[in-house]
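Student: next one to model:
(3 chains)
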Amino acid sequence: MIIKAPIDLELTQISGQTSQPPWICKDNVFTDVVCVDGEYSIFSVRQSDDFLDFTYTGNATEKAALENVKKIYDLDFDLPRFYDYLDGHDELREMSKFCNGLRLFQAKDPFECIISSICSANNSIKRWTRSISDMKMKWGRNFNDYYTFPDIETLQKIYLDDEDELSKCGCVNDNNLKCCGVGYRAEYMRKASEIFSLEIDLSEIPKMSYDEAFETVLKVPGVGPKVADCILLYGFGFKEAFPSDVWIKRIVSHLYFGGKDIKVEKVREFGMEEFGDYAGYVQLYMFHYARKSGLMEKLK
DNA sequence: ACTCAGGCGCAGA
DNA sequence: TCTGCGCCTGAG
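Tutor: Here you go, the predicted structure:
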């Protein structure tokens, strides 16, 4: 079925955002397995002119499947209206040209989003993507060779490294987190799994205010301000989040503060104050604008 | 072979 | 409260 919302699907997929790796692409069709009301469906999406062509297999009702795909690709977001907003500001005007059709690629699985966001910290997009894909292949459930992300209970039991695996199971069979290339983040990931199993109920987070949700996820080891904002934005749709890292710092500094060196924490406050409910989208557009326009090279 | 990028936790100021 | 170091891995 065709969903009439303008989107650049490929751009949205490869934007390197921290909710999930890109879906598997074959002949311009992007496919992955999605949990709908407790059951697994294979979702396929394809660019059809400006719109999205969506098909799925599985027992999900059409209504539920549609709701899910709309959420994942943020299809209810009014992109033209956002472009009017960008056009109304000197500093932002150029961005829509470079990122036309780019939407938030939202998590299909909040737990996956949390763990992959932790994995993304102090990491490269390439290495982060490989690690998460490895984890899915090793410990996720296989549906037609599309793999789910391992659930909370599964991940809690995964060994940390070779040493941990050897002492607990007597042999080493690449069945541990560090062999996925996550490095010292392995401990954070396992601790986080424990916390979401025992202390924090994932389903409570969407009911919270932004501030409350921010403070809640900050308690998780490996989650600082940047990762917390990524989790809230890509995992739970808090669009007022403005994830601020060194790149966003450089870009904001260049566009708004005459290149002056400012603290990342100040950049976050500035972004939230200045852009309000558009903060998350402005952050997304800033990053890709900088990438594509050559600004990023200039700011290095 | 070596250096560096990248956000977070922690020790020490 | 704030500052600066070390963490792990792969790319250059």
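
Student: per-residue pLDDT, the residue of chain A most remote from its centre?
Tutor: Relative to the centre of chain A, and counting by CA atoms, centre = their mean, the farthest-placed residue is A:Gly170 at 36.2 Å. A:Gly170 carries a pLDDT score of 92 in this model.

Student: phi first, then psi, for it.
Tutor: A:Gly170 has phi and psi values of phi 90, psi -10 when expressed as degrees, to the nearest 10.

Student: for it, give its distance to A:Gln156.
Tutor: With distances taken as CB to CB, to the nearest Å, A:Gly170 is found 20 Å from A:Gln156. The way it works is simple: take the backbone N, C-alpha and C, and place the C-beta from them, glycine included.

Student: which positions in chain A make contact with DNA strand C?
Tutor: Taking CB under 7 Å from any atom of the strand as the contact definition, chain A meets DNA strand C at A:Asn122, A:Ser124, A:Lys126, A:Arg127, A:Lys178, A:Gly181, A:Val182, A:Gly183, A:Tyr184, A:Lys263.

Student: which one of the residues you listed is nearest A:Arg81?
Tutor: Of all those, A:Arg81 sits closest to A:Lys263, with 32.0 Å by CB to CB.

Student: how many neighbours does the closest one have?
Tutor: Neighbour count for A:Lys263, taken as other CB atoms under 10 Å: 10.

Student: narrow the residues of chain A next to DNA strand C to just the buried residues.
Tutor: Among those, those classed as buried by 16 or more other CB atoms under 10 Å are A:Lys178, A:Gly181, A:Val182.

Student: which stretches of chain A form strands?
Tutor: With DSSP state E, the ranges of strands along chain A come out as A:2-3, A:24-26, A:29-36, A:39-48, A:51-57, A:142-143, A:146-147.

Student: possible to save those as JSON lines with distance to A:His254, mean neighbour count and mean pLDDT?
Tutor: Shown next, in JSON lines, are those (distance: least, CB to CB, whole Å; neighbours: other CB atoms under 10 Å; pLDDT from 0 to 100):
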{"stretch": "strand A:2-3", "distance to A:His254": "36", "mean neighbour count": "14", "mean pLDDT": "94"}
{"stretch": "strand A:24-26", "distance to A:His254": "33", "mean neighbour count": "13", "mean pLDDT": "94"}
{"stretch": "strand A:29-36", "distance to A:His254": "33", "mean neighbour count": "20", "mean pLDDT": "97"}
{"stretch": "strand A:39-48", "distance to A:His254": "32", "mean neighbour count": "18", "mean pLDDT": "96"}
{"stretch": "strand A:51-57", "distance to A:His254": "34", "mean neighbour count": "17", "mean pLDDT": "96"}
{"stretch": "strand A:142-143", "distance to A:His254": "45", "mean neighbour count": "14", "mean pLDDT": "96"}
{"stretch": "strand A:146-147", "distance to A:His254": "40", "mean neighbour count": "18", "mean pLDDT": "97"}
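
Student: so A:Pro281 touches A:Ala241, yeah?
Tutor: Heads up, residue A:281 is Tyr, not Pro. No. A:Tyr281 is beyond contact range of A:Ala241, at 10.4 Å (criterion: CB atoms under 8 Å).

Student: what about A:Arg190, distance to A:Tyr184?
Tutor: 12 Å.

Student: tell me which parts of the stretch 151-300 of chain A are close to DNA strand B?
Tutor: With CB under 7 Å from any atom of the strand as the criterion, the stretch 151-300 of chain A comes near DNA strand B at residues A:188, A:220-228, A:245-247.

Student: by neighbours, which of those residues wins?
Tutor: With neighbours taken as other CB under 10 Å, the top of those is A:Val227, carrying 25 neighbours.

Student: please name the residues that touch the closest residue to that one other than its chain neighbours.
Tutor: Among residues not flanking A:Val227 along the chain, A:Ser117 sits closest, at 4.8 Å (CB to CB, 6 or more residues apart in numbering). Going by CB atoms under 8 Å, 6 or more residues apart in numbering, A:Ser117 touches A:Thr18, A:Ser19, A:Val223, A:Val227, A:Cys230, A:Ile231, A:Tyr234, A:Gly235.
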